[in-house]
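Trainee: Sharing a model prediction with you, sequence too.
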Amino acid sequence: MTDRRWSLPSNRGMESLQCEVVGSTDREMVCRFTLVGEYWNRAPEAEREATEDFRVVLPQVIVARDALGGLRQSFVDWLEDNGSFSCALQPTDGGGQVLEVSLGDDPRFVRSTQKAVFTFSYFSGLVMTTSFSFMVDQSCVRMAIDGLTDCLRNKVKHLRP
């Protein structure tokens, strides 16, 4: 990833959350979030190979820089204690957007030791509510920490062309 992107893959490698910072100030970032999932080809006569199953793009989500730093620290803490956490990432005035991420147990998933369920929830006023969840392990979280560290150092002040 470049210093304007970070991602969190699932532990099975078929799902991921990708974030690209398309503009920022000292306090806020405009991010393009993309959630991608693969699954076995569902066509009746197709070969049994993984293919893209879904792609959801949220092209202009306002995120508080300090909240993104808090997410990074929560990931670091999780590596040490495996404790559950939830973070709201939008600034005080999120423009009608609410973005929350969490990591921990979820009774809907069968999981093993050293793995947790990551959930990405997005609300846009009364227009849309969505939530995606997938399992991650320590290596997945380390990748996110590395990317977040680079993104938080970046002081890009313009929007991507």
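Mentor: Received, thanks.
Trainee: Regarding the chain, what is its longest strand?
Mentor: Scanning the chain for the strand with the most residues, using DSSP state E, yields strand 50-64.
Trainee: What strands flank that strand, and is each parallel or antiparallel?
Mentor: strand 28-40 (antiparallel) (DSSP bridges).
Trainee: buried set for the strand it pairs with?
Mentor: Neighbour counts using 16 or more other Cβ atoms under 10 Å place 28, 29, 30, 31, 32, 33, 34, 35, 36, 37, 38 of strand 28-40 among the buried residues. C-beta here means a position set from N, CA and C on the backbone, and glycine is covered the same way.
Trainee: Now for the residue of the chain most remote from its centre: which residues touch it?
Mentor: Within the chain, residue 45 marks the point farthest from the mean C-alpha position, 33.9 Å out by Cα atoms, centre = their mean. Neighbouring residues of residue 45 by Cβ atoms under 8 Å, 6 or more residues apart in numbering: there are none.
Trainee: Find the helix or strand that it is a member of.
Mentor: For residue 45, there is no enclosing helix or strand under DSSP states H and E.
Trainee: Work out for me the element the residue lying closest to residue 3 once chain neighbours are set aside sits within.
Mentor: Distances taken as Cβ to Cβ, 6 or more residues apart in numbering place residue 150 nearest to residue 3, at 4.1 Å, with adjacent residues excluded. Assigned by DSSP H and E, residue 150 belongs to helix 138-153.
Trainee: relative orientation of that helix and strand 28-40 in degrees?
Mentor: Here helix 138-153 runs at 150 degrees with respect to strand 28-40, directions being taken by axes from the mean of the first three to the mean of the last three Cα atoms, to 10 degrees.
Trainee: Thanks a lot, see you next time.
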